[in-house]
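[1] all I have is the shape, not the residue letters:
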């Protein structure tokens with residue numbers, strides 16, 4: 001994966017696949033403290049206790065073998081974190097959800113770029129319309145922060161549904177503006 005946004009999308013899709021109703025993705029960049037933290041929390045199926053110690057293994061998956069017999073998302077992110085002076089921690093309560101916390105050194109030369117976070121946040125919201133997922137997406141840079149909640153944001157965008165033809169353009173534009181506001 002080339003960017004951290006690619007990792008975020010892949011890992012958040014794990015939450016969708018675990019039938020989560022509520023998913024929170026938060027990114028915290030503390031430049032003076034030299035930390036870059038990504039948290040993904042869900043209320044999905046969780047990970048069975050006997051699988052928890054294996055989920056970082058590239059060749060471990062719970063998917064049927066006719067689908068794909070490797071689980072790359074978590075193992076790739078774990079390797080990225082380790083390369084960047086950090087770690088990946090997974091806390092899971094089977095049948096009650098999972099919390100994934102990644103940490104990296106912000107200024108580490110091996111840390112991939114963040115990538116197109118507005119496009120990823122937009123894709124996450126629009127990709128799970130049928131699943132009725134409640135998303136909370138947030139990004140903080142030092143003391144500036146924004147948060148997108150898919151249900152509340154519909155009102156802010158003056159749309160009735162994310163299936164509205166203008167929804168994608170409006171949502172992407174809103175998130176780009178919020179990104180600019182925390183970077184200035």
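    Thanks, I have it. Source: prediction; values computed, not measured.

[2] tell me where this protein has helices.
    Secondary structure of the chain (DSSP state H): helices located at 4-17, 49-52, 72-83, 117-127, 150-157, 167-183.

[3] lowest average confidence across those helices, which one?
    Ranked by mean pLDDT, the helices of the chain bottom out at helix 49-52, with a mean of 83.

[4] before we move on, back to that, select, out of the helices of the chain, the one closest to residue 38.
    Closest approach to residue 38 among those (Cβ to Cβ): helix 4-17, 6.3 Å. To be clear about C-beta, it is placed using only N, CA and C from the backbone, and glycine gets the same treatment.

[5] still on that earlier bit, nearest to residue 30, of the helices of the chain?
    Of all the helices of the chain, it is helix 167-183 that lies closest to residue 30, at 12.6 Å by Cβ to Cβ.

[6] got the angle for the closest one vs helix 150-157?
    In terms of direction (axes from the mean of the first three to the mean of the last three Cα atoms, to 10 degrees), helix 167-183 departs from helix 150-157 by 90 degrees.

[7] helix 167-183: how far from the chain's middle?
    Offset of helix 167-183 from its chain centre (Cα atoms, centre = their mean, to the nearest Å): 17 Å.

[8] over to stretch 114-132?
    Distance of stretch 114-132 from the chain centroid (Cα atoms, centre = their mean) equals 9 Å.

[9] hmm, who's touching that stretch?
    With contacts defined as Cβ atoms under 8 Å, 6 or more residues apart in numbering, stretch 114-132 is touched by 2-6, 8-9, 12-13, 16, 19, 21, 23, 25, 27, 135, 137, 139, 148, 150, 153, 162-163, 167-168, 171-172, 175-176, 179.

[10] with stretch 168-179 instead?
    Around stretch 168-179, the neighbours that count as contacts under Cβ under 8 Å, 6+ apart are 117-119, 121-122, 125-126, 139, 146, 148, 153, 156-159, 162.

[11] tell me the contacts of residue 136?
    For residue 136, the contact set (Cβ under 8 Å, 6+ apart) comprises 22-26, 147-149.

[12] scratch that, residue 148
    Counted by Cβ under 8 Å, 6+ apart, residue 148 has contacts 121, 125, 135-138, 174-175, 178.
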